[in-house]
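Trainee: sharing a model that was predicted from the sequence below.
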Amino acid sequence: MKYLLAFTIIMLLLLSACAPGYGYGFSADPADPYVQRAAADGAIQATEAMKLVVAREDVNRDLILIDVWRDVFDHIKVEPRENCPACQGRYEFLEKKFTEKVNSLCGQSRSVQVLDVRVGSVDLRKLAAFLYEEHPDVLAAARSKETKIQELASGAVRTLTSINAFSGRPEFLGGKTGYTDEAGGNLVSIFSYLHRPVFIVVLGTEDRFGETEKLFEWLKKSYAR
């Protein structure tokens, strides 16, 4: 069983090297640096997996940096942490030491989130407050209705349009949408009102923007200027 699993992993890695563009929107052009990097990644991972199967002692333990566009191939030494189970050879996920939960994000089969059920609940308001106070640059990207990005390889400029209905509004300071089949529609929003930040969190709703708008309007009526 162990060797069958290892062989399966190797074949999957080899397939990822041979067909790196499948399902991810990459170019199939072999001159594309993204294709070259994916092929190199897959080849190296498959080779290291085969070393583990045959119990070789020269398994690479370094972090490998590959930049085919600049012809850079380097090794970075990574020191194991004393409190890291994987660094000490204990692989809790593989050994099923605890139960994990997998969610499909935003209704996409290719976007998944693996959760450790031991974490418990997360205070989204506190998380939003932390971003507001410590990393306002993260929220700045969410405020814009459109964002332009440039591909390093081709130089092409693409325009990304926000799906957040509040993006572009002067009182909107930032936020994050989210959806899973189990949780439904969710939205964390930060608004500015009376020179103070207002955090609004809605969960499990079919109209996250409409419900947030209702709460914000109620706030403005209840605490008029």
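Mentor: Now that the structure is in, tell me what you want to look at. Residues are numbered from 1 along each chain as shown.
Trainee: please enumerate the strands of the chain.
Mentor: 63-67, 72-76, 100-104, 112-116, 146-150, 157-161, 172-180, 184-193, 196-205 (DSSP state E).
Trainee: can you tell me the closest non-neighbouring residue to residue 127?
Mentor: Leaving aside its sequence neighbours, residue 127 sits nearest to residue 188 (C-beta to C-beta, 6 or more residues apart in numbering; 7.8 Å). C-beta here means a position set from N, CA and C on the backbone, and glycine is covered the same way.
Trainee: for the one you found, list each beta-bridge partner.
Mentor: residue 176, residue 201 (DSSP bridges).
Trainee: again with the one 4 residues further on
Mentor: For residue 192, the residues forming beta bridges with it (DSSP bridges) are residue 197.
Trainee: have a look at the protein and report its longest helix.
Mentor: Across the chain, the helix with the greatest residue count (assigned by DSSP state H) is helix 33-53.
Trainee: per-domain residue ranges of the protein.
Mentor: 2-113, 121-222 (automatic domain parsing).
Trainee: which of those has the lowest mean pLDDT?
Mentor: Set side by side, the domains of the chain give their lowest mean pLDDT on domain 2-113, at a mean of 66.
Trainee: off-centre distance for stretch 169-178?
Mentor: A distance of 19 Å separates the centroid of the chain from that of stretch 169-178, by C-alpha atoms, centre = their mean, to the nearest Å.
Trainee: quick check: buried residues in that stretch?
Mentor: Residues 172, 173, 174, 175, 176, 177, 178 are the ones in stretch 169-178 that count as buried (16 or more other C-beta atoms under 10 Å).
Trainee: let's have the strands of the chain in TSV, adding distance to residue 138.
Mentor: What follows is the strands of the chain, written out as TSV (distance: least, C-beta to C-beta, whole Å):
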stretch	distance to residue 138
strand 63-67	25
strand 72-76	26
strand 100-104	22
strand 112-116	18
strand 146-150	13
strand 157-161	16
strand 172-180	7
strand 184-193	11
strand 196-205	14
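Trainee: for residue 82, find the nearest of these.
Mentor: Among the strands of the chain, strand 63-67 comes nearest to residue 82, with 18.6 Å by C-beta to C-beta.
Trainee: could you export the closest one as PDB, CA atoms only?
Mentor: In PDB, the C-alpha atoms belonging to strand 63-67 read as follows (Å, rounded to 0.1, in the frame of the first residue of the first chain):
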ATOM      1  CA  LEU A  63      13.900  25.100  -0.100                       C
ATOM      2  CA  ILE A  64      14.600  25.300  -3.800                       C
ATOM      3  CA  LEU A  65      14.200  28.700  -5.500                       C
ATOM      4  CA  ILE A  66      13.600  28.500  -9.300                       C
ATOM      5  CA  ASP A  67      13.400  31.600 -11.500                       C
END
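Trainee: that strand pairs with which strands, and in what direction?
Mentor: In the sheet, strand 63-67 lines up with strand 72-76 (antiparallel) (DSSP bridges).
Trainee: neighbouring contacts of the partner strand?
Mentor: Applying C-beta atoms under 8 Å, 6 or more residues apart in numbering, the external contacts of strand 72-76 come out as 60, 62, 63, 64, 65, 66, 67.
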